[in-house]
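model this:
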Amino acid sequence: MAKDFSVEDGKKLIGLARKSIQYFLATGTPLAEHCGGKRFLEPRGVFVSLHDFPRKELRGCIGFPMPIKPLWNAVMEAAVEAGFRDPRFEPLEAGELGKIVIEISVLTVPEEVTGDRKMMPEKIEVGKDGIIIQRSHRSGLFLPQVATEQQWGATTFIEQCCLKAGLLENMWLVNGTKLFRFQAQVFAEKEPEGEIVEEKN
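Residues are numbered from 1 along each chain as shown. Alright, predicted model coming up:
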């Protein structure tokens, strides 16, 4: 994928995410921050992931798969949602803020994978592509880095995404189930409020 954003852009976005979480902790209300540049006004899909440090275990992850909000606003909203409204975790407490690292994944627009269903795994590049499974009102999403972290092949990646969507693992083979792929440019803190780097796919 094209590298749409620089590491400096990544620093601004992660700084915005951390500031949004800090502000919500202090006030209980969302931050109202003006955009940091024209490039951040473009609608983009984005996910904000929080990990405890140094174990790097997931502490919250929420985002927008589709480009429905300007990136600047999407980061602010997703950061608060990841910190306080991810149903898998308890809301962040003030004492945790200095013990989490923030990761931001800026997404390309998802594209549907079509053709012979049995050949679909061959169209997914592990470590580069994220995926979305949709069937009726159910859906599941994995960011590209998940397959690498879990050491999954493409077929397992798709099967696990079906399970995440509340479907049987082989439901991707059934007509009516849609598979989408996307890429992500990922920026992350190496330590809490520390150096920010672009993760390599």
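
who touches Gly166 in this structure?
138, 140 (CB atoms under 8 Å, 6 or more residues apart in numbering). Every residue, glycine included, has its C-beta placed from N, CA and C.

quick check: the residue in the chain sticking out farthest from the centre vs Lys123, distance?
In terms of distance from the mean C-alpha position of the chain, Asp116 ranks first, at 28.1 Å (CA atoms, centre = their mean). According to CB to CB, to the nearest Å, Asp116 stands 10 Å off from Lys123.

likewise Asn170?
Distance, Asn170 to Lys123, by CB to CB: 17 Å.

check Gln151 too.
According to CB to CB, Gln151 stands 20 Å off from Lys123.

tell me which of the two has more neighbours.
Shown here are Gln151 and Lys123; by other CB atoms under 10 Å, Lys123 has more neighbours (14 against 8).

touching, that one and Arg117? I think so.
No: at 10.7 Å, Lys123 and Arg117 do not qualify as touching, with contact defined as CB atoms under 8 Å.

quick one: buried residues of stretch 169-178?
171-172, 177 (16 or more other CB atoms under 10 Å).

repeat that for stretch 115-127.
Neighbour-count burial for stretch 115-127, counted by 16+ other CB under 10 Å, picks out 120-121, 124, 126.

of those residues, closest to Ala188?
If you rank those by distance to Ala188 using CB to CB, Val126 comes first, at 19.4 Å.

and that closest one, helix, strand or coil?
Following DSSP: H, G, I helix; E, B strand; the rest coil, we place Val126 in the coil state.

if we can go back for a sec, which one of the buried residues of stretch 115-127 is nearest to Val101?
Checking the buried residues of stretch 115-127 one by one against Val101 (CB to CB), the nearest turns out to be Val126, at 23.8 Å.
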